[in-house]
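Below: sequence and its predicted model.
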Amino acid sequence: MTFKKILVANRGEIAVRVIRALKEMGVKSVGVYSEADQASRHLALADETVRIGPAMSAKSYLNIDNIISAAIKTGVDAVHPGYGYLAENEEFAKTCEQKNLVFIGPTPENLKLAGDKITAKTVMKQAGVPVIPSSPAEVASIDDAVSISEKLGYPVMVKSSGGGGGRGIRICKDRDALIEDFPVAKMEARAVCGNDKVYIEKYIEKPRHIEFQILADHYGNITHLGERECTIQRRYQKLIEESPSPILTDSLRQEMGEVAILAAKAANYFNAGTVEFLLDKENRCYFMEINARIQVEHPVTEMVSGIDLIKSQICLSSMDKLTYSFDDLDMRGCAIECRINAEDPDKKFMPSPGKIVTYVPPGGYGVRIDTHIYQGYELPIYYDSLIAKLITHDMTRLGAISIMKRSLEEMTIGPIKTTIPLYLKIFNDPMFLKGDFDTGYINRFIEENDEGDD
């Protein structure tokens, strides 16, 4: 199967990224846009463009009927969903199949399993994948929540069964906190997922967040492409990612890689995806979830592996066969990614939309920028604050950090506020430089720096 034209059902930097890959592959692209995105960079790069609705995402980028209509109207062979929006939507993937459009991503069955955290954990446990101790099913009442939590031992987490990206999570340190937060977690779950199903999970204190990139073809071949360290995050949203992890030994990497492939096989997984783990203080890994899509942080894997993940997705969806394993790859050096968000770190990360009057990107050896912004671009107020991803690569971790610091100092985006000043502080922090951190690092770092500034 050879694709001639593909619709990119997304916006922002990921739409630009996919369209560029299609152009290099000789495949025509169709870009879609909302009323608020008429000046977005991806439209200038696409071969065709279709307006799919007003500014609000629910009526445009989340509108399945409008996107499918655009795909049929332009005569595409396939749809690439990017990440976010409809990328993990089972109904959207099924609709594509029904309309004879190839969904470039996992199967609807994969999306269904990955989207149900309770079922996914059950499947993994049955397959021998280590999972975090938790309730065996949905927890509906506060009495059951208290009973289960006392058996697991505090602290615990109340988590949305269908959540992702840190949504619908409450950490409860004791019984009183659980009684107070349980109904709140259920309300949050309903707000973000459409249902209030939650479960209880043992809270792993001061963990590392490690994920493994996987690729799987239609013929049962599965490989991983190494890990990404995603521990630097705020409110469960990743800020800085790197590959390889500074904490993993070769033996631990091999062990976790094998577990990641085992998890993918248990899910009968297809295409690109990510198996996410928590690593505790004793270096024991626990399965968290499968992200059934391309990840925001995929460039760091590309930089160290030499594998173009977007092109790989497209080739796998066109029935190509995987011809290599992790051991065949020439993994080179270290890559680090900073998510540049239009937020003000000094004002509790308040969004900072507006017109970009000045934009000066960095350059030089080992520097990559994925973005949709340009000088004169007006940031819409309706969407995610991510405006660019800055990625640096060198043969050593400290070398990649040095290039990142220099690049952040060069990068000028104004007058809007961005997270660049925060990253410059982090890359000068001795604990970060040593690779000594956990998922609570950002909160402690911000508190310590705020105290120092008074």
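That came through, no problem.

show me what contacts the residue nearest to residue 155 when sequence neighbours are not counted?
Of all residues not flanking residue 155 in the chain, residue 203 sits nearest, at 4.1 Å (Cβ to Cβ, 6 or more residues apart in numbering). The C-beta positions use only the backbone N, C-alpha and C, and glycine is treated the same way. Residue 203 makes contacts with 154-157, 171-172, as judged by Cβ atoms under 8 Å, 6 or more residues apart in numbering.

what about the closest residue to residue 425 other than its chain neighbours, how many neighbours?
Excluding the flanking residues, the one nearest residue 425 by Cβ to Cβ, 6+ apart is residue 449, at 6.2 Å. Number of residues near residue 449 (other Cβ atoms under 10 Å) recorded here: 15.

so residue 449 is in which element?
Assigned by DSSP states H and E, residue 449 falls within helix 441-453.

So the residue nearest to residue 425 is in contact with residue 426, correct?
No: using Cβ atoms under 8 Å, residue 449 makes no contact with residue 426, being 9.5 Å away.

shared neighbours, these two?
Counting by Cβ under 8 Å, 6+ apart, no residue touches both residue 449 and residue 426.

in the stretch 251-400 of the chain, which spans are helices?
Listed in chain order, the helices of the stretch 251-400 of the chain (DSSP state H, counting those that start in this stretch) span 298-305, 309-317, 397-410.

I figured residue 128 was touching residue 262, is that so?
Yes: counting by Cβ under 8 Å, residue 128 touches residue 262, with 6.8 Å between them.

which of the two has more neighbours?
Using other Cβ under 10 Å as the criterion, residue 128 and residue 262 rank with residue 262 on top: 18 against 11.

The more buried one and residue 413: what is the separation?
According to Cβ to Cβ, to the nearest Å, residue 262 and residue 413 sit 43 Å apart.

Check residue 225 too.
To residue 413, residue 225 is 31 Å away according to Cβ to Cβ.

neighbour count winner among those two?
Neighbours were counted for residue 225 and for residue 413 using other Cβ under 10 Å; residue 225 has more, 27 against 22.

Skipping adjacent residues, who's closest to the more buried one in space?
residue 213 (4.3 Å).

Equivalent analysis for residue 317, please.
Computed as Cβ to Cβ, 6+ apart, the closest residue to residue 317 that is not its neighbour in sequence is residue 104, at 4.5 Å.

neighbours around residue 173, how many?
Other residues near residue 173 come to 12 when the count uses other Cβ under 10 Å.

so how far is residue 437 from the nearest residue to it once chain neighbours are set aside?
In this structure, residue 173 finds its nearest non-sequential neighbour in residue 155, 4.6 Å apart by Cβ to Cβ, 6+ apart. As judged by Cβ to Cβ, residue 155 and residue 437 stand 20 Å apart.

of those two, who's got more company?
A count of neighbours by other Cβ under 10 Å puts residue 437 above the other of residue 155 and residue 437, at 22 against 16.

residue closest to the middle of this structure?
The chain has residue 295 as the residue nearest its centroid, 3.8 Å off, counting by Cα atoms, centre = their mean.

For it, give me phi and psi.
For residue 295, the backbone dihedrals (degrees, to the nearest 10) come out as phi -100, psi 150.

Surely it touches residue 83?
Yes: with contact defined as Cβ under 8 Å, residue 295 counts as touching residue 83 (6.5 Å).

quick one: strands adjacent to the one helix or strand residue 231 maps to?
Per DSSP H and E, residue 231 falls inside strand 222-234. If you go by DSSP bridges, strand 222-234 pairs up with strand 208-216 (antiparallel), strand 237-243 (antiparallel).

so how far is it from its chain's centroid?
Centroid separation for strand 222-234 versus its chain: 10 Å, with Cα atoms, centre = their mean, to the nearest Å.

How about stretch 374-386?
With Cα atoms, centre = their mean, you get 20 Å for stretch 374-386.

Can you give me the buried ones in that stretch?
Under the neighbour-count criterion of 16 or more other Cβ atoms under 10 Å, stretch 374-386 has 377, 379-380, 382-383, 385-386 buried.

Out of those residues, which is nearest to residue 197?
Of all the buried residues of stretch 374-386, residue 197 sits closest to residue 383, with 27.5 Å by Cβ to Cβ.

pretty sure that closest one contacts residue 10?
No: under the criterion of Cβ under 8 Å, residue 383 makes no contact with residue 10, lying 10.8 Å away.

can you pull the pLDDT of residue 428?
Residue 428 carries a pLDDT value of 96.

likewise residue 89?
Residue-level pLDDT assigned to residue 89 equals 97.

Need the phi and psi values for the nearest residue to it once chain neighbours are set aside.
The shortest distance from residue 89 to any residue other than its chain neighbours is 6.9 Å, reached at residue 111 (Cβ to Cβ, 6+ apart). When read as degrees, to the nearest 10, the backbone of residue 111 gives phi -60, psi -40.

Tell me if I'm right that residue 111 and residue 91 touch.
No: Residue 111 lies out of contact with residue 91 (Cβ under 8 Å); the separation is 9.1 Å.

Between those two, which has more neighbouring residues?
residue 111 (23 against 12).

what sits against the more buried one?
The contact partners of residue 111, by Cβ under 8 Å, 6+ apart, come to 88-90, 93, 105, 292.

Try it again at 6 Å.
Residues in contact with residue 111, defined by Cβ atoms under 6 Å, 6 or more residues apart in numbering, are 88, 90, 93, 292.

Among these, pick out the one closest to residue 314, please.
For those, the minimum distance to residue 314 (Cβ to Cβ) is 15.6 Å, reached by residue 93.

What number of residues are in the vicinity of the closest one?
Around residue 93 there are 26 other residues, counting by other Cβ under 10 Å.

my guess is it contacts residue 103, does it?
Yes: counting by Cβ atoms under 6 Å, residue 93 does reach residue 103; the two are 4.4 Å apart.

pLDDT weak spots in the chain?
163-167, 450-454 (pLDDT under 70).

Wait, a helix at residue 17?
Yes: the assignment for residue 17 by DSSP: H, G, I helix; E, B strand; the rest coil puts it in a helix.

Distance-wise, check it relative to residue 341.
From residue 17 across to residue 341, the span is 17 Å (Cβ to Cβ).

would you put the C-alpha positions of the lengthiest helix in the chain in CSV?
Looking across the chain with DSSP state H, the single longest helix is helix 175-193. The C-alpha trace of helix 175-193 is given here as CSV (Å, rounded to 0.1, in the frame of the first residue of the first chain):
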residue,chain,number,x,y,z
ARG,A,175,-7.9,8.7,55.5
ASP,A,176,-9.1,12.3,56.1
ALA,A,177,-7.6,13.5,52.8
LEU,A,178,-9.1,10.5,51.0
ILE,A,179,-12.6,11.3,52.3
GLU,A,180,-12.2,14.9,51.2
ASP,A,181,-10.7,14.3,47.8
PHE,A,182,-12.5,11.1,46.6
PRO,A,183,-15.7,13.0,45.5
VAL,A,184,-13.6,15.7,44.0
ALA,A,185,-11.6,13.2,41.9
LYS,A,186,-14.9,11.7,40.6
MET,A,187,-16.2,15.1,39.6
GLU,A,188,-12.9,15.8,37.8
ALA,A,189,-13.0,12.5,36.1
ARG,A,190,-16.5,13.2,34.8
ALA,A,191,-15.4,16.6,33.6
VAL,A,192,-12.4,15.5,31.6
CYS,A,193,-13.4,12.0,30.5
